[in-house]
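K.L.:
Using only what follows, build the 3D model:
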Amino acid sequence: MNILPLHSPGIEASNISLDRLAANKQVPEAEKIAEVSRAFEAVLLRQILSESQRPVFKSQYTGNSSADDIYRDMIVNQMAEDISKSGSFGVGKNLARELQQQLGAKHVAPEHLNARTAHLKNLNHE
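P.N.:
Predicted coordinates for the structure are as follows:
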């Protein structure tokens, strides 16, 4: 029976804060670029989603309390993080690809992006 360790021996870029990621020598540049691009995509998604949550017309049915605002903000933040980590929006992936080409870094994307790219390549060849 082969038991795998709970934590991988390497450091994952997604587990490090962005300010510490830049100075970390153990994380390859390509992974840093991919994580920063994903984080940028999350910020962009937060802006889009928060604007879409604003009510157009004031009503007695839309919450106007600070608790409602905090709850909406929490939902928007979680949705933005989930969408950016899934890679389905694509802005982070494309930004990472462009930055890696400009900086000459090897193309290493997070695993979910590699799987999605392989799936899309298979669809194109069918």
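
K.L.:
how far out from the middle of the chain is the helix or strand containing residue 71?
P.N.:
Assigned by DSSP states H and E, residue 71 belongs to helix 66-86. For helix 66-86, the separation from the chain centroid amounts to 13 Å (computed by Cα atoms, centre = their mean, to the nearest Å).

K.L.:
quick thing: my sequence starts at 31, can you match it?
P.N.:
In the new count, where the first residue is 31, that last one comes out as helix 96-116.

K.L.:
Show me where this structure has its helices.
P.N.:
Ranges of helices within the chain are 48-51, 59-83, 96-116, 121-133, 141-155, based on DSSP state H.

K.L.:
Show me the one of these that comes nearest residue 42.
P.N.:
Among the helices of the chain, the nearest to residue 42 by Cβ to Cβ is helix 59-83 (8.0 Å). Quick note: C-beta positions are derived from backbone N, CA and C, even for glycine.

K.L.:
rewinding a little: buried residues in the helix holding residue 101?
P.N.:
106, 109, 110, 111, 113, 114 (16 or more other Cβ atoms under 10 Å).

K.L.:
Thank you, goodbye.
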